[in-house]
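In: Can you look at this prediction? I've put the sequence above it.
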Amino acid sequence: SAAAAARRSGGTDGAEAWWGVRPATARARPDGGRRPDDLGVPVEGRWGLTCGEINFSVIGQYVDYLVKEQGVKNIFVNGTTGEGLSLSISERRQVAEEWVTKGKDKLDQVVIHVGALSLKESQELAQHAAEIGADGIAVIAPFFLKPWTKDILINFLKEVAAAAPALPFYYYHIPALTGVKIRAEELLDGIQDKIPTFRGLKFSDTDLLDFGQCVDQNRQQQFAFLFGVDEQLLSALVMGATGAVGSTYNYLGKKTNQMLEAFERKDLSLALNYQFCIQRFINFVVKLGFGVSQTKAIMTLVSGIPMGPPRLPLQKASREFTDSAEAKLKSLDFLSFADLKDGSLEASS
Ligand SMILES: CC(=O)N[C@@H]([C@@H](O)[C@H](O)[C@H](O)CO)[C@@H](O)CC(=O)C(=O)O
C-alpha cells in the first residue's frame, strides 16, 4: 500500500535529480513518481468472509522492482492506491514499518499517509511514522464530518503535525474523494505560521489554476509541489511541479522518467510525445472503468509480483479488463512479451 516517486540521476549539471518529495535543502528538480498498491492476498477472514489480508512478504521484492525496473526511489505509503483508508490502524502501522524496513538503504524517502477520520488515530499514526524513521507524513482532509473552512482544516492538520514535530508534513489535496473543496491555494496562505513542519502539497486534482497559484504565491518557500494527476503531469511541470505521486508510476515509472528527462532538457516536443502516449493508455483504461482495483491488476501484470485483489468495498478487476489493458500496453510498446513475468496472468485472474 504505497505510492512512490522516482529519483533519477543526471540533470543538466550532472547533479542528482529528484522526483517526488524533496528535502527542503534539495534543489527543485523533477524526476518520476509512482505508487505501489496494497499487495493483498485473499484469505479466509475471522468472520468467514474473504477480507483481503495484506501479503507483507512481497513488499521487499516490490521495493527492488520499483528501484531497478521503474527508477522509482521515493514511496508514498497508505494513500489512495494503497487503500490506506480501508486498512485498520494496526495494518497501517505494519505496512508503514515494512516499507521503511525493506526500503532502508534502497529508497530515498518513504512518506506515510496518516490521514484518518479520527484525529486521535491520525496522531497515533503520525507518532508511529516518526518512531519508525519515516521521512515524512501526509494527511488528507477528514471526509465524513468535514471541515467547512480553511481555518478548521488547518486546525485539524496542525494537531496531527504536532504529533510528529520532527517530520516534514505534507497536505494531501484530493477533493474528488474527500469532498472537501477548500482550495489548496487558500490553505497554503500562511500555513507555515500555523504548521511549522509544513513542507509541501500533494495535489491530486485537475484544477491547474489552483495548482499554479499554489506555486506562484509560494515562490519564496522551499515547498514541494507534488502533482497527482498522471495524465496531466506535463502541464503541471510547466506550472512548477517539483515532483509527482501517482498510481501509474508503478508500471509507467520508467516512461514517465523519460518524459521528465525530456522536459528538463527543454525538449518539449519529445516530452509531449511521452505525455500523449501515457494519455493514450490512461484514456483507454478510463473508458473501460479504471480505479484502484484495475491499477492493481495492471501492476501484477507488468511487475509479475502478485498484488492480490483489493479489499471490499472495491471489487477485483475483471479478466476482460486485464486482457484489454495488456493488449493496449503492448500496442503502445509499454510492455513486451519479454516483460511479462511467469505467473503474472494467473496472479491477476
Ligand atoms: C484518484 C486517484 O487515484 N488518483 C491517483 C492518480 O495517480 C490516478 O490514478 C491517475 O492520474 C490516473 O487517472 C493518485 O493521485 C492517487 C494517489 O496519489 C494515491 O494513491 O495516494
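Out: Nice, thanks for sending it over. Numbers count the residues shown, from 1 in each chain.
In: does residue 81 count as helix, strand or coil?
Out: Counting by DSSP: H, G, I helix; E, B strand; the rest coil, the backbone at residue 81 sits in coil.
In: roughly how far apart are it and the ligand?
Out: 3 Å (Cβ to the nearest ligand atom, to the nearest Å). Placement of C-beta: from N, CA and C, glycine included.
In: What does that residue show for phi and psi?
Out: According to degrees, to the nearest 10, the main-chain angles of residue 81 amount to phi -60, psi -30.
In: What is the burial count for it?
Out: For residue 81, the neighbour count with other Cβ atoms under 10 Å is 28.
In: going forward can the numbers begin at 832, since that is how I track them
Out: OK, 832 is where the count begins now, so the last one is residue 912.
In: pretty sure it is touching residue 1126, no?
Out: Yes - applying Cβ atoms under 8 Å as the test, residue 912 and residue 1126 come out as touching, 5.8 Å apart.
In: how about the helices of the stretch 932-1081 of the chain, start to end?
Out: Using DSSP state H, counting those that start in this stretch, the helices of the stretch 932-1081 of the chain run over 950-963, 981-992, 1006-1009, 1015-1019, 1022-1025, 1039-1047, 1064-1070, 1080-1095.
In: Nearest to the ligand, out of these?
Out: Smallest distance to the ligand across the helices of the stretch 932-1081 of the chain (Cβ to the nearest ligand atom): 6.1 Å, for helix 1006-1009.
In: Let me see the mean pLDDT of the closest one.
Out: Averaging pLDDT along helix 1006-1009 yields 98.
In: likewise stretch 981-999?
Out: For stretch 981-999, mean pLDDT is 98.
In: quick one: contacts of that stretch?
Out: The contact list for stretch 981-999 (Cβ atoms under 8 Å, 6 or more residues apart in numbering) reads 852, 854-855, 942, 945-946, 950, 953-955, 957-958, 960-961, 965-968, 970, 972-973, 978, 1000, 1002, 1011, 1013, 1017-1018, 1020, 1022, 1025-1026, 1028-1031.
In: Switch the helices of the stretch 932-1081 of the chain over to CSV, and while doing so, append mean neighbour count to every line.
Out: As requested, these are exported to CSV (neighbours: other Cβ atoms under 10 Å):
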stretch, mean neighbour count
helix 950-963, 19
helix 981-992, 19
helix 1006-1009, 16
helix 1015-1019, 20
helix 1022-1025, 14
helix 1039-1047, 18
helix 1064-1070, 21
helix 1080-1095, 24
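In: Figure out which of those is closest to residue 1110.
Out: helix 1064-1070 (9.3 Å; Cβ to Cβ).
In: How far does that closest one sit from its chain's centre?
Out: 17 Å (Cα atoms, centre = their mean, to the nearest Å).
In: Tell me the helices and strands packed up against that helix.
Out: With contacts taken as 3 or more Cβ pairs under 8 Å, 6 or more residues apart in numbering; DSSP states H and E, helix 1064-1070 sits against helix 1039-1047, strand 1055-1058, helix 1080-1095, helix 1099-1119.
In: okay, those in TSV with mean pLDDT and distance to residue 887 next?
Out: Putting the helices and strands packed on helix 1064-1070 into TSV (pLDDT from 0 to 100; distance: least, Cβ to Cβ, whole Å) gives the following:
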stretch	mean pLDDT	distance to residue 887
helix 1039-1047	98	35
strand 1055-1058	98	26
helix 1080-1095	98	18
helix 1099-1119	98	28
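In: Which residue does the chain have closest to the ligand?
Out: Closest approach between the chain and the ligand, counting by Cβ to the nearest ligand atom: residue 910, at 2.5 Å.
In: Verify the contact between that residue and residue 969 for me.
Out: Yes - Residue 910 lies in contact with residue 969 (Cβ under 8 Å); the separation is 7.3 Å.
In: what residues are shared contacts of the two?
Out: Contact criterion Cβ under 8 Å, 6+ apart; residues shared by residue 910 and residue 969: 944, 1003.
In: Can you lay out the helices and strands packed on helix 1064-1070 as a markdown table showing distance to the ligand?
Out: Formatted as a markdown table, the helices and strands packed on helix 1064-1070 follow (distance: least, Cβ to the nearest ligand atom, whole Å):
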| stretch | distance to the ligand |
| --- | --- |
| helix 1039-1047 | 13 |
| strand 1055-1058 | 8 |
| helix 1080-1095 | 8 |
| helix 1099-1119 | 5 |
